[in-house]
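> for reference, the sequence and a predicted model appear below.
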Amino acid sequence: MERVSEHVRVVRDGQVLAESRRPLLLRETGLPVRYYLPPEDVRTDLLTPSDTHTYCPFKGTASYWSLPDAPDLVWYYPDPKEDVAEIKDHLCFYEVETVSA
């Protein structure tokens, strides 16, 4: 896990869902790099909480948010394991665009 200053943006169908210059970057073996964004950098007003929950042995239980046409598009850990406590309540999208400065 590392704090980075990369400019990341999440756009779906031309609409910006999130934009941040303070993501947390998480690298896991065999998985793509994931950017966890502070909730205040995400348009949560466009998202609806989902009933979906998944479990990761390294991070804990994830909860999800959806768009009307994209179920479970975003996940977050309301109570992550101690080793990744920094990602608490930060939101992660399946696809993130990094923007050059």
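Cool, the structure landed.

> ok, the helix or strand in which Pro49 is found: who's next to it in the sheet?
Pro49 belongs to strand 48-56 when assigned by DSSP states H and E. Partner strands for strand 48-56, per DSSP bridges, with pairing direction: strand 60-67 (antiparallel).

> now the strand it pairs with: average pLDDT?
Average pLDDT, strand 60-67: 97.

> what comes up buried for that strand?
Gly60, Ala62, Ser63, Tyr64, Trp65, Ser66, Leu67 (16 or more other CB atoms under 10 Å). Heads up, the C-betas are built off the backbone N, CA and C, glycines and all.

> may I see the residues you listed arranged in CSV, with distance to Arg27 as well?
Formatted as CSV, these follow (distance: CB to CB, whole Å):
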residue, distance to Arg27
Gly60, 18
Ala62, 17
Ser63, 22
Tyr64, 22
Trp65, 23
Ser66, 26
Leu67, 27
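
> quick check: of these, which lies closest to Lys81?
Lys81 has its nearest neighbour among the buried residues of strand 60-67 in Gly60, at 4.8 Å by CB to CB.

> let me see the ranges of the strands in this protein.
2-3, 7-12, 15-20, 24-26, 34-37, 48-56, 60-67, 70-76, 91-93, 97-99 (DSSP state E).
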